[in-house]
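Colleague: sequence unavailable; structure follows:
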C-alpha cells in the first residue's frame, strides 16, 4: 500500500459518515428553526382548514393514542388505534378518492376509497377485499386518525359555538404551521381542548393534539412527519392484485365486524340529560351533539353478554342495578359502559365524550325499563 493511502481512505469515509449524519439531522434542524406565519384570525384559519379537504396531498403520519379503555376482543381491530402508535402513509386526490397504508412490524393494511367503494388490502392474508355499497355504519379505522381527517372532524363536531383562539406557531413536518385551539362550548364534554397546527397557505392540518379535562398530556396526538402537495397518480390510488393473491367482494354490513350483531331496540327520547339526536342507523341511539355526545348500541344476547364478561375480565368496574347488571370504564377522552337488564335478552353499550356519571345515569334508566316502549 502506498504511503498515505490508508489516511486518504479513512478521510474519505469520514466525509461520507459526516454527510450521512448531516442528512439524518436535517429533520431535527428543520423543526428547530423559528416558525413564521402570516397574521390570521381564528375564524380565517378555521376556514382554511375546512377548505383543505379539497387538496391533493401525500405524506407520512403517526398517531399516538392513550385512551386507556379496556381491550375487548370483539373490537380487536380498533384497540391498537386507541392505545399505541399508528404509522400511516397517505395519498389523497380528493375527499372521496384516497389511500392510507397502515404500517406495522408484521406487514401492512391498505385502505382505498374510490368514489364510494372501499378496498382493503391485508398483506398478512394476501387478500384484497372490495366493499361495495355505502358504509352507513363501520368501526373506526386508521384513516380517521390521519391529521387532516381528524382536524376537520373535530372542527365540524365542535360546532359554531366552540371557542376558537390562536396558538403560537411552530414548525411541523419541516414547515411553519399556524396554531388553532378549539374548545367545546359545553362543560359536559370530556374534551377540554383540541390544538391544531396547519399550513397557513393551504390549511392542511399537520398536527392535532386532543386533551381531556385536567390532563396536561394529550390523550391523542396525530402528526405529519412529512407532507406536501401531490399530483394524483392512478396507479397509486388503484388497488393492484398481484399473482397468487386473493380477492373477495362483500357488503358494508358483512364487513362491519361486531356491529353486524346489533339489535333493534326502542330507546328513550333522552338519556343522561341529553336529548336523542337523529341517526341514520336505527340500531344506534345518539344522545347530545358533536363533542358532547354518546352513543347507545344494542347488542343481541350472545354478543352482548360476551362483551360484558370481557369488559369485567379486563378490569372495568362492575355496576349493579335493581333490575340489571353492568360495567363501566373511564378514560381521559372516552367513557364506556355496558348494561344488561335482567328482563331483556340484549345488552346496551354506551360510549362517548361525556362524563362517567352521565353514562351511569343513562345505564340506570336502561336497566330499569328494558320492556317499556320509550317512544319518541
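Modeller: Noted; the coordinates are in hand. This structure is a prediction, so every number in the text was calculated from the model and none was measured.
Colleague: helices along the protein, start to end?
Modeller: 5-32, 42-51, 79-82, 147-158, 234-237, 301-313, 356-368 (DSSP state H).
Colleague: going by mean pLDDT, which of those comes out lowest?
Modeller: Here those differ in mean pLDDT, and the lowest is helix 5-32 at a mean of 47.
Colleague: how about the contacts made by the closest residue to residue 151 other than its chain neighbours?
Modeller: Once flanking residues are discounted, residue 151 sits nearest to residue 205: 3.5 Å by C-beta to C-beta, 6 or more residues apart in numbering. Every C-beta, even on glycine, is put in place using the N, C-alpha and C of the backbone. The neighbours of residue 205, taking C-beta atoms under 8 Å, 6 or more residues apart in numbering as the test, are 49, 52, 147, 148, 150, 151, 152, 196, 197, 198.
Colleague: just the closest of those to residue 280, please.
Modeller: Nearest to residue 280 among the contacts of residue 205: residue 152, at 19.6 Å, using C-beta to C-beta.
Colleague: if I read this right, that closest one contacts residue 50, doesn't it?
Modeller: Yes: in this structure, residue 152 is within contact of residue 50 by C-beta atoms under 8 Å, at 6.2 Å.
Colleague: the more surrounded of those two?
Modeller: Set side by side, residue 152 and residue 50 show more neighbours around residue 152, with 20 against 14, by other C-beta atoms under 10 Å.
Colleague: any idea how far the more buried one lies from residue 144?
Modeller: 11 Å (C-beta to C-beta, to the nearest Å).
Colleague: hang on, residue 327 packs against residue 311?
Modeller: Yes: applying C-beta under 8 Å as the test, residue 327 and residue 311 come out as touching, 4.4 Å apart.
Colleague: so what sits against both of those two?
Modeller: With C-beta under 8 Å, 6+ apart as the test, residue 327 and residue 311 both reach residue 338.
Colleague: walk me through the domains of the protein.
Modeller: 42-250, 262-368 (automatic domain parsing).
Colleague: mind putting those domains in TSV, distance to residue 35 included?
Modeller: TSV is the format used below for the domains of the chain (distance: least, C-beta to C-beta, whole Å):
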stretch	distance to residue 35
domain 42-250	4
domain 262-368	28
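Colleague: check the ones you listed for me and report the most buried one.
Modeller: When the domains of the chain are scored by mean count of other C-beta atoms under 10 Å, the highest mean neighbour count falls to domain 262-368 (a mean of 19).
Colleague: measure that one end to end?
Modeller: Distance across domain 262-368, first residue to last, is 21 Å (C-alpha to C-alpha, to the nearest Å).
Colleague: how distant is that domain from the center of its chain?
Modeller: Distance of domain 262-368 from its chain centroid, counting by C-alpha atoms, centre = their mean, to the nearest Å, is 21 Å.
Colleague: now do the residue nearest the centre of the chain against residue 78, distance only.
Modeller: Closest to where the C-alpha atoms of the chain average out (C-alpha atoms, centre = their mean) is residue 145, at 3.7 Å. As for residue 145, its distance to residue 78 is 11 Å (criterion: C-beta to C-beta).
Colleague: same question, residue 231
Modeller: 33 Å.
Colleague: mind listing what residue 183 touches?
Modeller: With C-beta under 8 Å, 6+ apart, residue 183 has these contacts: 158, 162, 163, 164, 165, 192, 193, 194.
Colleague: still on that earlier bit, excluding chain neighbours, what is closest to the residue nearest to the centre of the chain?
Modeller: residue 63 is the one closest to residue 145 (C-beta to C-beta, 6+ apart), at 4.1 Å.
Colleague: let me see the contact set for that neighbour.
Modeller: 81, 85, 86, 88, 142, 145, 146, 150, 220, 221, 222, 223.
Colleague: for residue 347, see how far away it is.
Modeller: 30 Å.
Colleague: that older thread, nearest to residue 36 among the domains of the chain would be which one?
Modeller: domain 42-250 (5.5 Å).
Colleague: need the distance between the two termini of that closest one.
Modeller: From its first residue to its last, domain 42-250 covers 44 Å (C-alpha to C-alpha).
Colleague: what strands line up against the lengthiest strand in the chain, and which way round?
Modeller: Looking across the chain with DSSP state E, the single longest strand is strand 83-94. With DSSP bridges as the test, strand 83-94 is paired with strand 57-66 (antiparallel), strand 97-104 (antiparallel).
Colleague: now it against helix 147-158, angle please.
Modeller: 90 degrees (axes from the mean of the first three to the mean of the last three C-alpha atoms, to 10 degrees).
Colleague: and the contacts of strand 83-94?
Modeller: Contacts of strand 83-94 (C-beta under 8 Å, 6+ apart): 54-69, 71, 80, 98-104, 142-143, 145-146, 148, 227, 230, 232-233, 236-237.
Colleague: same question for that strand, mean pLDDT?
Modeller: 96.
Colleague: residue 269 contacts residue 275, doesn't it?
Modeller: Yes: if you go by C-beta under 8 Å, residue 269 and residue 275 touch, sitting 6.8 Å apart.
Colleague: list the contacts for residue 298?
Modeller: 262, 263, 264, 265, 267, 283, 304, 346, 347, 348, 349.
Colleague: again, but for residue 176
Modeller: 35, 36, 37, 169, 170, 200.
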